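>>> I need the structure of the sequence given here:
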Amino acid sequence: MLDLLRTQAWWAVAVLTLLLVALGLLIGGIERPSAGDDDPPPPPAPAVEPWLVQRAELGQAVDAVLARRATAVGLTTSLHGAGGFGKTRLARMVCADRRIRRRFRSRVYLVTVGRDVRSAGSPDLGQLGAAS
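From the prediction side, this is the model:
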């Protein structure tokens with residue numbers, strides 16, 4: 001068998017390649033349920049005040065999220081830092097961005113986590129949205 005592989009190496013490569021392509025087509029042809037077929041409807045985009053100025057950080061944050069390849073599992077992105085510098089507003093603006101909502105099929109969830117957040121009814125919790 002090994003002598004045959006040594007003398008007919010190109011034929012062996014061709015046959016193995018064809019087998020792998022056929023296997024790939026077989027596996028790729030299996031119908032899988034689309035992600036989100038049985039999901040509830042996506043939430044609305046977070047409210048963003050129309051008077052907010054577009055900052056450079058918004059473009060950087062959106063580009064960072066969009067640079068990652070889509071996966072079968074959720075994508076989590078976080079902002080952290082001292083209070084009062086606009087992290088929540090930036091997060092709302094990123095979640096409401098049309099490119100982000102299109103990429104994740106409007107399933108973008110905005111969740112606030114912190115020391116002052118006690119329950120879903122907490123005013124600091126923000127709006128729950130949906131992320132992929």
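>>> and Arg107, how many neighbours does it have?
19 (other Cβ atoms under 10 Å). To be clear about C-beta, it is placed using only N, CA and C from the backbone, and glycine gets the same treatment.
>>> So it sits against Pro42, correct?
Yes. At 5.0 Å, Arg107 counts as touching Pro42 under the criterion of Cβ atoms under 8 Å.
>>> where does the protein dip in pLDDT?
29-37, 68-75, 117, 119-132 (pLDDT under 70).
>>> Does anything pack onto the helix with the most length in the chain? Which helices or strands?
Assignment by DSSP state H gives helix 9-28 as the longest helix of the chain. Using 3 or more Cβ pairs under 8 Å, 6 or more residues apart in numbering; DSSP states H and E, no helix or strand is in contact with helix 9-28.
>>> What's the first helix or strand after that helix?
Once helix 9-28 ends, the next helix or strand along the chain (criterion: DSSP states H and E) is helix 56-67.
>>> Please export the C-alpha coordinates of that next one as PDB.
The C-alpha trace of helix 56-67 is given here as PDB (Å, rounded to 0.1, in the frame of the first residue of the first chain):
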ATOM      1  CA  ALA A  56     -14.500  59.500  17.600                       C
ATOM      2  CA  GLU A  57     -14.900  56.900  20.300                       C
ATOM      3  CA  LEU A  58     -18.200  55.800  18.800                       C
ATOM      4  CA  GLY A  59     -16.600  54.900  15.400                       C
ATOM      5  CA  GLN A  60     -13.800  53.100  17.200                       C
ATOM      6  CA  ALA A  61     -16.200  51.100  19.400                       C
ATOM      7  CA  VAL A  62     -18.400  50.200  16.400                       C
ATOM      8  CA  ASP A  63     -15.400  49.200  14.300                       C
ATOM      9  CA  ALA A  64     -14.000  47.000  17.200                       C
ATOM     10  CA  VAL A  65     -17.300  45.100  17.400                       C
ATOM     11  CA  LEU A  66     -17.700  44.700  13.700                       C
ATOM     12  CA  ALA A  67     -14.000  43.600  13.300                       C
END
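>>> on that earlier part again, residues in contact with the longest helix of the chain?
Helix 9-28 is touched from outside by 4-5, with contacts defined as Cβ atoms under 8 Å, 6 or more residues apart in numbering.
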